[in-house]
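Novice: The amino acid sequence is not available; the structure is as follows:
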């Protein structure tokens, strides 16, 4: 693959330092890989939960190249030399929903899901542990695998995996959950219909697994295919790997969860610029933190928010002080001046606190890191952590590396996105890993 942008080649040898408020600083180191498709945001959407995966000191990245091939790349951590494998699989890159997700199970086998927007399941596993060579496309359970959208993998401490996806279409879909037993090397269905749209709506969710293994799930409801009908923010958790669910007070749900029995963390009306499919996490005490953005009733512009539960009470913190207005409406992938956020928590070191990663046109579409220490109220400080415009990029990062070593490695690629699944004619751009030290 030819490298067209000299900046990205030089970036590995440069450290960019931004000083903020006279006392904080953050440095970033960009490690280029190869060129990827950039006419849509299919390589860089926030619901692409697993773009990067680290196992046994090696880091793996997945992306589509300019010919729509599924490409896997691998390096040893702390090096800049990548091995690259153009796999036998391809995807419809014109539709930004059709992302690639990867994860390693406890034995080092790489699991890959790709190219889904109400499509049959596309899933394969590496032929050997720590290999990038994929086997034949396979089924998981053989059930409800014809209309898959938004595939997401999650890894448990015992090496088992969880796979979540939507069955159905926008405005009328249900949340399905599979469990991979490492010992048996077999998938089993845990929930056919965890959150029921009842044919009238569907849940757009975000999920996280904390260190003890509790699964935290939050979602907004959408009434139709129009994003303007997003409303409200709900919550559930499971302490037995998804078999049973409860609200934040420990009260058991009667499954499936629906609009009537859901716990509402925050009531947000339709037409509030509420975005779907963001991110969430939990602190070491199991308290959930949910990142999102919407326009409050007394706000003129859309703001980033963190909704969290402390001492049994749901709270809301406004992260940003944005001035630029925009309207969120219509169907399909939107071309939005701000990205959806990723949220992380650290309990030690100089980065102790809550952190949001996002992109904002107000900062020339550079990557921003908003940080707050714990406490009431939260006090947010915003820093820029790169010095180039990312166009319509949204953040994803190496979740396992952050969990195990508190190292923040972000998928980095300048991408474009037209409105409602429209591609923007452009050349391929460099894919890289932005190593952030803060």
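Specialist: Cool, got the structure. Because the structure is a prediction, the values reported are computed rather than measured.
Novice: From residue 45, how far off is residue 81?
Specialist: 28 Å (Cβ to Cβ, to the nearest Å). Using the backbone N, CA and C atoms, a C-beta is placed for each residue, glycine as well.
Novice: and if you look at residue 371?
Specialist: 23 Å.
Novice: Same check on residue 213?
Specialist: 27 Å.
Novice: The two: which is more packed in?
Specialist: Remark: of residue 213 and residue 45, residue 45 carries more neighbours, 26 against 14, as counted by other Cβ atoms under 10 Å.
Novice: Quick check: that one touching residue 98?
Specialist: No: Residue 45 lies out of contact with residue 98 (Cβ atoms under 8 Å); the separation is 9.8 Å.
Novice: Quick check: bridge partners of the closest residue in space to residue 384 that isn't next to it in sequence?
Specialist: Spatial nearest neighbour of residue 384, chain neighbours left out: residue 366 (4.8 Å); criterion: Cβ to Cβ, 6 or more residues apart in numbering. Per DSSP bridges, the residues bridged to residue 366 are residue 360.
Novice: I'd say residue 366 and residue 359 touch.
Specialist: Yes: using Cβ under 8 Å, residue 366 is in contact with residue 359, at 7.0 Å.
Novice: Overlap of the contact sets of those two?
Specialist: residue 390 (Cβ atoms under 8 Å, 6 or more residues apart in numbering).
Novice: Neighbour count for these two, which is higher?
Specialist: Taking neighbours as other Cβ under 10 Å, residue 366 and residue 359 compare with residue 359 leading, 27 against 18.
Novice: my guess is that one meets residue 369, correct?
Specialist: No: applying Cβ under 8 Å as the test, residue 359 and residue 369 come out as separate, 11.0 Å apart.
Novice: okay, and the common contacts of these two?
Specialist: If you check residue 359 and residue 369 against Cβ under 8 Å, 6+ apart, no residue is contacted by both.
Novice: same for the helix or strand encompassing residue 290, what does it pack against?
Specialist: Taking DSSP states H and E as the definition, one finds residue 290 inside strand 288-294. Counting contacts by 3 or more Cβ pairs under 8 Å, 6 or more residues apart in numbering; DSSP states H and E, strand 288-294 is packed against strand 215-222, strand 230-238, strand 279-282, strand 303-310, strand 342-346.
Novice: okay, the angle between the longest one and strand 303-310?
Specialist: It refers to strand 230-238. Counting by axes from the mean of the first three to the mean of the last three Cα atoms, to 10 degrees, strand 230-238 lies at 30 degrees to strand 303-310.
Novice: So for the very next helix or strand once past strand 230-238, mean pLDDT?
Specialist: On the C-terminal side of strand 230-238, the closest following helix or strand by DSSP H and E is strand 263-266. Per-residue pLDDT over strand 263-266 has a mean of 98.
Novice: what do you get for stretch 325-332?
Specialist: 90.
Novice: how many other residues sit next to residue 129?
Specialist: 14.
Novice: Isn't it up against residue 106?
Specialist: No: counting by Cβ under 8 Å, residue 129 stays clear of residue 106, with 9.9 Å between them.
Novice: I'd like to know how far the residue lying closest to residue 115 once chain neighbours are set aside sits from residue 108.
Specialist: Leaving aside its sequence neighbours, residue 115 sits nearest to residue 91 (Cβ to Cβ, 6+ apart; 3.4 Å). Relative to residue 108, residue 91 is positioned 25 Å away (criterion: Cβ to Cβ).
Novice: In terms of neighbours, single out the busier of the two.
Specialist: Using other Cβ under 10 Å, the more surrounded residue of residue 91 and residue 108 is residue 91, with 21 against 15.
Novice: List the contacts of that one.
Specialist: 42, 64, 68, 70, 98, 100, 114, 115, 122.
Novice: give me that answer again for 7 Å
Specialist: 64, 68, 70, 98, 114, 115 (Cβ atoms under 7 Å, 6 or more residues apart in numbering).
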